[in-house]
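Enquirer: sequence isn't available, so here's the structure alone:
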């Protein structure tokens, strides 16, 4: 039991110190302290903008004239053709339902709406991406070409994939890679098998022996054991 508690504490500690969908383009030792950080220059057309949020980082391409193109999940285009309503600031409910329905749009919003009250970082990826960035005007035109509805995947086609494709020609997402690495570490930990097995036994005790409880109790630990 002590070993199981240790396992749970380790994983909770990992998640509490790990922003699930925030990229780490700069190592901790390379990040400047706030008091020594240089002021961010105003963005130019074609710049890659990065906005750190609570559990993820949002990305966009600056088009000039205070406008930003960014890929964002949205359920409203599925429900209505009212352009004025669709063009309003996307609420959390619209965003979550868009993720579930896997529907998104590359839309153009003001710089303020894109930032949503957060600080904006400009072109941080240029320091670590292996690919050379395209000229800024080409980047902006590539972003403008994709404005409109687009299939969405939280892991395989998100806002970071969109901006890296526009600026570097190769769609990639450090946030996705971090999430997959975290998931693999959990799967490979043999204590996950014990935890899921015990949870399955508890569910059978509470809800009785039925296919809905028995099959997951057997299949989930077995799958984790095989994957590990």
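Expert: Noted; the coordinates are in hand. These numbers were taken from a predicted model, which means no experiment stands behind them.
Enquirer: okay, CA-based contacts and neighbour counts for the rest of this
Expert: OK.
Enquirer: and the helices in this structure, which stretches?
Expert: Assigned by DSSP state H, the chain shows helices spanning 2-16, 76-79, 83-86, 92-101, 111-115, 136-145, 159-168, 174-188, 191-207, 211-227.
Enquirer: pick the most buried one from those helices.
Expert: Burial of the helices of the chain is given as mean neighbour count (mean count of other C-alpha atoms under 10 Å); helix 159-168 ranks first at a mean of 24.
Enquirer: next, the angle from that one to helix 136-145.
Expert: 140 degrees (axes from the mean of the first three to the mean of the last three C-alpha atoms, to 10 degrees).
Enquirer: re earlier: need the helices of the chain in TSV with distance to residue 59, can you?
Expert: Converted to TSV, those look like this (distance: least, C-alpha to C-alpha, whole Å):
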stretch	distance to residue 59
helix 2-16	22
helix 76-79	21
helix 83-86	20
helix 92-101	15
helix 111-115	9
helix 136-145	12
helix 159-168	6
helix 174-188	11
helix 191-207	34
helix 211-227	33
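Enquirer: turn these into CSV, columns for distance to residue 48 and mean pLDDT.
Expert: CSV is the format used below for the helices of the chain (distance: least, C-alpha to C-alpha, whole Å; pLDDT from 0 to 100):
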stretch, distance to residue 48, mean pLDDT
helix 2-16, 28, 43
helix 76-79, 26, 90
helix 83-86, 24, 90
helix 92-101, 22, 90
helix 111-115, 12, 93
helix 136-145, 9, 97
helix 159-168, 7, 96
helix 174-188, 15, 74
helix 191-207, 39, 77
helix 211-227, 38, 68
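Enquirer: figure out which of the ones you listed is closest to residue 58.
Expert: Residue 58 lies closest to helix 159-168 among those, at 6.6 Å (C-alpha to C-alpha).
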